[in-house]
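Colleague: Predicted model and sequence below, questions to follow.
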Amino acid sequence: MKTHRTILFLLIAASLSVAGCNSRTEKSEGTVLLTAQSTTTPVVVSVSSTTPGVFQIPSFAIHSIIKDPVGISSELQTIEMRSFTVTYRRRDTGTRVPAPIVRGLSGNVSPGGTLFVDNLPFLTLDQLLSQPLKDLAQFGRDTETGTAVIVLDVTFQFFGRTISGDDIASEPTTFTIDVTP
(Lines give C-alpha, C1' and ligand atoms only; values in the text may rest on other atoms or scores of the structure.)
Protein backbone atom coordinates (compact mmCIF):
# COMPACT_ATOMS: atom_id res chain seq x y z
CA MET A 1 0.00 0.00 0.00
CA LYS A 2 2.89 2.33 0.82
CA THR A 3 4.32 1.68 -2.65
CA HIS A 4 1.08 2.83 -4.29
CA ARG A 5 1.04 6.03 -2.25
CA THR A 6 4.67 6.75 -3.08
CA ILE A 7 4.07 6.24 -6.81
CA LEU A 8 0.94 8.41 -6.68
CA PHE A 9 2.85 11.13 -4.83
CA LEU A 10 5.67 11.04 -7.42
CA LEU A 11 3.20 11.25 -10.31
CA ILE A 12 1.45 14.26 -8.75
CA ALA A 13 4.79 15.99 -8.08
CA ALA A 14 5.94 15.39 -11.66
CA SER A 15 2.71 16.74 -13.17
CA LEU A 16 2.88 19.86 -10.98
CA SER A 17 6.47 20.55 -12.00
CA VAL A 18 5.59 20.24 -15.70
CA ALA A 19 2.58 22.56 -15.25
CA GLY A 20 4.81 25.05 -13.40
CA CYS A 21 7.33 25.14 -16.26
CA ASN A 22 4.57 25.72 -18.81
CA SER A 23 3.08 28.66 -16.91
CA ARG A 24 6.49 30.34 -16.61
CA THR A 25 7.09 30.29 -20.37
CA GLU A 26 3.66 31.74 -21.20
CA LYS A 27 3.77 34.98 -19.21
CA SER A 28 2.83 37.06 -22.26
CA GLU A 29 -0.53 35.31 -22.75
CA GLY A 30 -3.33 37.85 -22.68
CA THR A 31 -1.02 40.81 -22.07
CA VAL A 32 -1.87 42.84 -25.19
CA LEU A 33 -5.07 43.91 -26.92
CA LEU A 34 -5.64 44.85 -30.54
CA THR A 35 -7.87 47.75 -31.58
CA ALA A 36 -8.50 49.33 -34.96
CA GLN A 37 -10.05 52.53 -36.21
CA SER A 38 -10.36 54.11 -39.62
CA THR A 39 -9.58 57.71 -40.31
CA THR A 40 -12.50 58.19 -42.71
CA THR A 41 -15.41 56.02 -43.76
CA PRO A 42 -17.79 56.50 -46.66
CA VAL A 43 -21.45 57.24 -46.10
CA VAL A 44 -22.87 56.57 -49.57
CA VAL A 45 -21.54 54.13 -52.18
CA SER A 46 -22.86 53.85 -55.72
CA VAL A 47 -22.60 50.44 -57.42
CA SER A 48 -22.48 52.21 -60.81
CA SER A 49 -19.69 54.63 -59.89
CA THR A 50 -17.30 55.78 -62.57
CA THR A 51 -14.56 53.56 -61.12
CA PRO A 52 -16.31 50.26 -60.47
CA GLY A 53 -14.52 47.45 -58.75
CA VAL A 54 -13.07 47.83 -55.30
CA PHE A 55 -14.27 50.27 -52.67
CA GLN A 56 -11.61 50.94 -50.05
CA ILE A 57 -11.05 52.59 -46.69
CA PRO A 58 -8.20 55.08 -47.15
CA SER A 59 -6.43 54.20 -43.89
CA PHE A 60 -6.80 52.05 -40.79
CA ALA A 61 -4.79 52.55 -37.60
CA ILE A 62 -4.24 49.26 -35.79
CA HIS A 63 -3.13 49.74 -32.18
CA SER A 64 -1.52 47.33 -29.73
CA ILE A 65 -2.52 48.15 -26.17
CA ILE A 66 -0.57 46.73 -23.25
CA LYS A 67 -3.04 45.56 -20.60
CA ASP A 68 -0.71 46.45 -17.72
CA PRO A 69 1.02 49.71 -18.79
CA VAL A 70 3.16 49.81 -15.62
CA GLY A 71 4.28 46.21 -16.10
CA ILE A 72 7.23 45.01 -18.11
CA SER A 73 6.68 44.77 -21.85
CA SER A 74 8.67 42.59 -24.20
CA GLU A 75 9.23 42.13 -27.91
CA LEU A 76 7.47 38.79 -27.43
CA GLN A 77 4.26 40.89 -27.25
CA THR A 78 4.78 42.16 -30.82
CA ILE A 79 1.74 41.21 -32.88
CA GLU A 80 2.33 39.77 -36.33
CA MET A 81 -0.77 40.60 -38.36
CA ARG A 82 -2.30 37.63 -40.18
CA SER A 83 -5.65 38.60 -41.73
CA PHE A 84 -8.79 40.68 -41.62
CA THR A 85 -12.43 40.01 -42.33
CA VAL A 86 -15.25 42.22 -43.55
CA THR A 87 -18.81 41.16 -42.79
CA TYR A 88 -22.15 42.80 -43.52
CA ARG A 89 -25.48 43.19 -41.75
CA ARG A 90 -28.64 44.74 -43.21
CA ARG A 91 -30.02 47.78 -41.42
CA ASP A 92 -33.17 47.85 -43.56
CA THR A 93 -35.88 45.20 -43.98
CA GLY A 94 -33.85 43.04 -46.38
CA THR A 95 -32.26 39.74 -45.43
CA ARG A 96 -29.74 39.16 -48.22
CA VAL A 97 -26.19 40.36 -47.52
CA PRO A 98 -22.98 40.29 -49.56
CA ALA A 99 -20.54 37.46 -48.92
CA PRO A 100 -17.82 38.25 -46.37
CA ILE A 101 -14.31 39.25 -47.37
CA VAL A 102 -11.39 37.35 -45.84
CA ARG A 103 -7.90 38.55 -46.78
CA GLY A 104 -4.37 38.13 -45.57
CA LEU A 105 -2.63 41.08 -43.94
CA SER A 106 1.04 41.53 -43.16
CA GLY A 107 2.83 43.85 -40.79
CA ASN A 108 3.90 43.98 -37.16
CA VAL A 109 2.51 46.00 -34.28
CA SER A 110 5.00 46.49 -31.46
CA PRO A 111 3.74 46.52 -27.86
CA GLY A 112 1.95 49.85 -27.37
CA GLY A 113 2.58 50.72 -31.04
CA THR A 114 0.48 51.45 -34.10
CA LEU A 115 0.43 50.02 -37.62
CA PHE A 116 -1.16 52.09 -40.39
CA VAL A 117 -2.69 50.08 -43.24
CA ASP A 118 -3.89 51.87 -46.37
CA ASN A 119 -6.61 51.04 -48.90
CA LEU A 120 -8.32 48.05 -47.31
CA PRO A 121 -11.26 46.89 -49.43
CA PHE A 122 -14.76 46.87 -47.94
CA LEU A 123 -16.59 45.99 -51.19
CA THR A 124 -14.97 44.04 -54.03
CA LEU A 125 -16.21 42.70 -57.36
CA ASP A 126 -17.29 39.52 -55.57
CA GLN A 127 -19.78 41.52 -53.50
CA LEU A 128 -20.85 43.81 -56.36
CA LEU A 129 -21.57 40.91 -58.72
CA SER A 130 -23.73 38.98 -56.25
CA GLN A 131 -27.05 39.61 -54.53
CA PRO A 132 -28.29 42.01 -53.30
CA LEU A 133 -25.89 44.55 -54.85
CA LYS A 134 -26.23 42.99 -58.29
CA ASP A 135 -29.94 43.93 -58.26
CA LEU A 136 -29.10 47.58 -57.65
CA ALA A 137 -26.79 47.64 -60.66
CA GLN A 138 -29.18 45.74 -62.97
CA PHE A 139 -32.62 46.99 -61.92
CA GLY A 140 -31.92 50.15 -59.92
CA ARG A 141 -33.55 48.60 -56.85
CA ASP A 142 -33.29 45.67 -54.47
CA THR A 143 -35.78 43.10 -55.78
CA GLU A 144 -36.25 41.70 -52.26
CA THR A 145 -37.38 44.98 -50.66
CA GLY A 146 -38.23 47.13 -53.69
CA THR A 147 -36.06 50.00 -52.39
CA ALA A 148 -33.38 51.88 -54.29
CA VAL A 149 -31.07 52.03 -51.26
CA ILE A 150 -29.55 49.16 -49.30
CA VAL A 151 -28.36 50.16 -45.84
CA LEU A 152 -25.46 48.01 -44.63
CA ASP A 153 -23.38 47.82 -41.48
CA VAL A 154 -19.83 47.03 -42.59
CA THR A 155 -17.70 45.36 -39.90
CA PHE A 156 -13.92 44.95 -39.96
CA GLN A 157 -12.07 42.61 -37.62
CA PHE A 158 -8.30 42.07 -37.54
CA PHE A 159 -6.38 38.94 -36.51
CA GLY A 160 -2.77 38.37 -35.53
CA ARG A 161 -0.47 36.40 -33.30
CA THR A 162 2.12 37.56 -30.81
CA ILE A 163 5.68 36.41 -31.32
CA SER A 164 5.21 34.32 -28.18
CA GLY A 165 2.37 32.46 -29.97
CA ASP A 166 -0.82 33.99 -28.54
CA ASP A 167 -3.67 34.48 -31.03
CA ILE A 168 -5.06 38.02 -30.91
CA ALA A 169 -8.27 39.37 -32.47
CA SER A 170 -9.40 42.98 -32.47
CA GLU A 171 -12.80 44.11 -31.36
CA PRO A 172 -15.05 44.51 -34.43
CA THR A 173 -15.09 48.01 -35.96
CA THR A 174 -18.37 48.90 -37.69
CA PHE A 175 -19.60 51.74 -39.89
CA THR A 176 -22.83 52.15 -41.87
CA ILE A 177 -23.14 52.83 -45.61
CA ASP A 178 -26.01 53.48 -47.99
CA VAL A 179 -25.51 51.54 -51.23
CA THR A 180 -27.28 53.16 -54.20
CA PRO A 181 -27.62 52.25 -57.90
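Modeller: Cool, got the structure.
Colleague: My guess is Pro111 contacts Gln77. True?
Modeller: Yes: at 4.0 Å, Pro111 counts as touching Gln77 under the criterion of CB atoms under 8 Å. Just so you know, the C-beta spots here come from the backbone N, C-alpha and C atoms, and that holds for glycine as well.
Colleague: So for these two, which sits in the more crowded spot?
Modeller: Gln77 (24 against 18; other CB atoms under 10 Å).
Colleague: Quickly list what's touching both of Pro111 and Gln77.
Modeller: 32, 64, 66 (CB atoms under 8 Å, 6 or more residues apart in numbering).
Colleague: Break down this protein into its strands, ranges please.
Modeller: Secondary structure of the chain (DSSP state E): strands at 32-38, 44-46, 55-66, 79-90, 101-104, 108-109, 114-123, 150-162, 167-169, 173-180.
Colleague: about what we covered before: any idea which of the shared contacts of Pro111 and Gln77 is closest to Asp118?
Modeller: Taking CB to CB as the measure, Asp118 lies nearest Ser64 of these, at 18.4 Å.
Colleague: State the number of residues packed around that closest one.
Modeller: Counted with other CB under 10 Å, Ser64 comes out at 24.
Colleague: Pretty sure it sits against Ser73.
Modeller: No: using CB under 8 Å, Ser64 is not in contact with Ser73, being 9.6 Å away.
Colleague: Surely Asp142 and Ile150 touch.
Modeller: Yes: contact criterion CB under 8 Å: Asp142 and Ile150 qualify, at 5.4 Å.
Colleague: How about Thr40, nearest residue that isn't a chain neighbour?
Modeller: Counting by CB to CB, 6 or more residues apart in numbering, Pro58 is the residue found nearest to Thr40 once chain neighbours are left out, at 5.7 Å.
Colleague: Let me know the pLDDT of that neighbour.
Modeller: With respect to pLDDT, Pro58 has a value of 92.
Colleague: quick one, what contacts it?
Modeller: Neighbouring residues of Pro58 by CB under 8 Å, 6+ apart: 38-40, 118-119.
Colleague: which of those residues tops the neighbour count?
Modeller: Ranked by the number of neighbours (other CB under 10 Å), the contacts of Pro58 place Ser38 first, at 17 neighbours.
Colleague: I'd guessed that one sits against Phe84; true?
Modeller: No: at 11.8 Å, Ser38 does not count as touching Phe84 under the criterion of CB under 8 Å.
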